[in-house]
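Engineer: the following block contains a protein sequence and its predicted model.
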Amino acid sequence: MEKDKFSVRDLDLFYGSNHALKKINLQIPERAVTALIGPSGCGKSSFLRCLNRMNDFIPGCSVKGKVELDGSDIYDPGTDLIHLRRRVGMVFQRPNPFPMSIFDNVAYGPRLHGVRDRSSLRDIVEESLRVSALWTEVRDILHSPALALSGGQQQRLCIARAVAVQPEVRGR
Amino acid sequence: MSGRRKTKDRAATIMLWLVMALTCGILALILAFLVSRGWSALSWEFLTKKPRSMMTAGGISTPIVGTLQLVLVSMGFAFPVGVFTAVYLVEYARDDWFTRALRLAVRSLAGVPSVVFGLFGLSFFVIFLGFGPSLLSAGLTLGCLALPVIVGASESALLAVPKDYRDASYALGATQWQTVRKVVLPSAFPSIITGAILSVGRVAGETAPIIFTGAAFFAPRFAKSIFDQVMALPYHVLILATAGTNIEKTRPIQYGTVLVLLFFVLGMTMTGVLWRARLRIRQRAQR
C-alpha cells in the first residue's frame, strides 16, 4: 500500500492578519509526482514553503494545523530544521544560483553537510548535473561562473544543486 | 511658448555647468597652490631619508612609516569590529528598540568631532588603560573614528546581497552562520573592502586624534614596538607650520609633506570610488 510522505491536516497560514491559506487538507503520496495548479497568487508557493518551514523566515507569518512528514509533525518545537530542509528540497520560481562557479554551486549543499573529499564531490556534482539534464552542456566549463548561464540552464543548475543533498522530497 | 522653455533649459544647463566648473576649479586651485610650493621639496631622498637638523633638512621617511603604522593598527581594530557589527545588524538583529538604538549610536559616532576622539583616546587608552602615548593608543583612537564609516559601508554592502541567495542557502539546509560565511559575506566583500579603502584615506589625514595619544614631535627611529610613539604626516605638517625652529626654511618641506599626504589620501579615495563604480556596473549586469 502506498504510504503518504506528507500528510497535511487543517493547515491555516496567516501573513499578519491576512488569512492566506484556509483549512488545507492534503495527502501527498510517496514515489509520485504531485502537481499544484492554480492562478497566480493563490498560495501555491506559500503552501510549498510550509512543507520545509521556509515560512519561518517571513516575519509576521504564522501557521496553524499539522504537517506530518513520515508521520512526525514538522511544526513540533523540537524539529531539527537543518535536517528537515535537507530532506525536503526546494527549487524557487526564479533561478537563484550563487555568484560562484557551476561546480561550487552544486557542491555547496554536500559541503555544508560535511563532504570534503574532492573525488566524492566530483562524483556528486556529475551525478546531480546528469539528473537535471545539464551535464553534457557544462561538463567542460564546470569552473566558470554560474551566472553566465542562460535562464533555463540556471534553473536546471538550481535543480542539480537541490538534488545534490539527496533529499527525499523535491518541491518546486 | 516653446522658445521660452528652450531658453530656460539652456540657462539651467549653463548654470549647472558653471557650478561644476567652480567645484573643479576649487580643487584645481588647491592642488596648484600646494604643488607650486611643495614640488621643489619632493625627491626620492625626501621620501626615504629621515628628518635631520631639527627638521630643516633631510626627508620625511619617519612620518611616512608612522602614518602607515597608524593605518595598520587602526584598520586592524576597526575592520573586523566594524564588519562584524554590520553583520550583526543586518543578519541577526531583530527589529526592536534595542537594534534601533544601536544603529543610532553608530550613526552618531560618525558626527563626533575628531578632537573629541583625541580627548577620549587620551583619557581612556593613554591614561585609564595605561597604554601611554603610543602607536597603540593613537591607532585605536583612529580606529574608533573609522568605525562608523566601516559599519555604514558594510551595512550597505550586506543589504545589497539579494535575498534570493540567502533563501537558496537555507533551503539546502544551511545554518545562519554558514549562510553568512559562505554566501553573504563573500558576495558583499568587494563593497566592504571599498568602504575600508575610503576610511583609510580618512584616517591617514587626521591630526587631532593623534596629537594627545601618540604622535611624536620627533622620533629618531621608526617605532619598533606598539608602545612606541610615532611621527605622522598630518602632525608633521602641523609642527612644521607652527612650532618648527626655522619656519621659513622648512616651508618647502612642509608643503612637500602636504603633497605626499594629499597624494596618499586622494589615491586611496579615488581607488575606492572607482572600484565601487566598477562593482556597481558589474552587479547591475548580473541582474
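Structural biologist: On my side now, so go ahead. Numbers count the residues shown, from 1 in each chain, chains lettered A, B, ... in the order given.
Engineer: please identify the buried residues of stretch B:101-110?
Structural biologist: residue B:106 (16 or more other C-beta atoms under 10 Å in any protein chain shown). C-beta here means a position set from N, CA and C on the backbone, and glycine is covered the same way.
Engineer: spell out which parts of chain A neighbour chain B.
Structural biologist: By C-beta under 8 Å from any C-beta of the partner chain, the part of chain A that sits against chain B consists of A:52, A:54, A:57, A:59, A:82-86, A:89-90, A:92, A:94, A:96-99, A:108-109, A:112-113, A:147, A:158, A:161-162, A:165.
Engineer: only the buried subset of the residues you listed, as a ChimeraX command please.
Structural biologist: Per 16+ other C-beta under 10 Å, the buried members of the residues of chain A next to chain B correspond to this ChimeraX selection:
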select /A:52,54,82,84,85,86,89,90,92,96,97,98,99,108,109,112,113,147,158,161,162,165
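Engineer: so residue A:149 touches residue A:102, yeah?
Structural biologist: Yes. Proximity of residue A:149 to residue A:102 meets the contact threshold set by C-beta atoms under 8 Å, at 7.3 Å.
Engineer: list residues touching both of those two?
Structural biologist: Listed as contacting both residue A:149 and residue A:102 by C-beta atoms under 8 Å, 6 or more residues apart in numbering or on different chains are A:138, A:157.
Engineer: more neighbours: those two, which one.
Structural biologist: Neighbour totals were compared for residue A:149 and residue A:102, and residue A:102 leads with 28 against 21 (other C-beta atoms under 10 Å in any protein chain shown).
Engineer: which ones are touching the more buried one?
Structural biologist: Per C-beta under 8 Å, 6+ apart, neighbours of residue A:102: A:138, A:141-146, A:149, A:157.
Engineer: what about the residues of chain A next to chain B, which are in helices?
Structural biologist: A:82-86, A:108-109, A:112, A:158, A:161-162 (DSSP state H).
Engineer: now those residues in TSV, with pLDDT and distance to residue B:191?
Structural biologist: Formatted as TSV, those follow (pLDDT from 0 to 100; distance: C-beta to C-beta, whole Å):
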residue	pLDDT	distance to residue B:191
A:82	90	29
A:83	90	34
A:84	91	33
A:85	91	29
A:86	90	31
A:108	95	22
A:109	93	27
A:112	91	25
A:158	95	25
A:161	95	25
A:162	94	29
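Engineer: report the two of those separated the most.
Structural biologist: Maximum pairwise distance in those, criterion C-beta to C-beta, is 21.1 Å, between A:83 and A:158.
Engineer: remind me which residues of the chain are low pLDDT?
Structural biologist: I went with chain A, as the question did not name one. Applying pLDDT under 70 to chain A flags residues A:1-2, A:171-172.
Engineer: if you could check chain B rather than the one you did, that'd help
Structural biologist: Along chain B, the parts satisfying pLDDT under 70 run over B:1, B:244, B:283-287.
Engineer: which parts of it are helices?
Structural biologist: Counting by DSSP H, the helices of chain B are B:2-38, B:44-48, B:61-87, B:97-110, B:114-121, B:135-159, B:163-171, B:176-179, B:185-204, B:208-211, B:233-242, B:247-286.
Engineer: please work out which of those helices is packed deepest.
Structural biologist: The highest mean neighbour count among the helices of chain B, using mean count of other C-beta atoms under 10 Å in any protein chain shown, belongs to helix B:208-211: a mean of 26.
Engineer: and that one, what other elements does it pack with?
Structural biologist: Judged by 3 or more C-beta pairs under 8 Å, 6 or more residues apart in numbering or on different chains; DSSP states H and E, the packing partners of helix B:208-211 are helix B:114-121, helix B:135-159, helix B:233-242.
Engineer: get me the contact residues on chain B for chain A.
Structural biologist: Within reach of chain A by C-beta under 8 Å from any C-beta, chain B has these residues: B:95, B:162, B:164-165, B:167-175, B:178, B:182-183, B:186-187, B:286.
Engineer: hmm, try it at 6 Å
Structural biologist: Residues of chain B lying near chain A by C-beta under 6 Å from any C-beta of the partner chain: B:164-165, B:168, B:171-174, B:178, B:183, B:187, B:286.
Engineer: residue in the stretch 1-150 of chain B nearest to chain A?
Structural biologist: residue B:95 (7.6 Å; C-beta to the nearest C-beta).
Engineer: and that residue, how many residues sit next to it?
Structural biologist: 8.
Engineer: and it, how far is that from residue A:59?
Structural biologist: According to C-beta to C-beta, to the nearest Å, residue B:95 and residue A:59 sit 8 Å apart.
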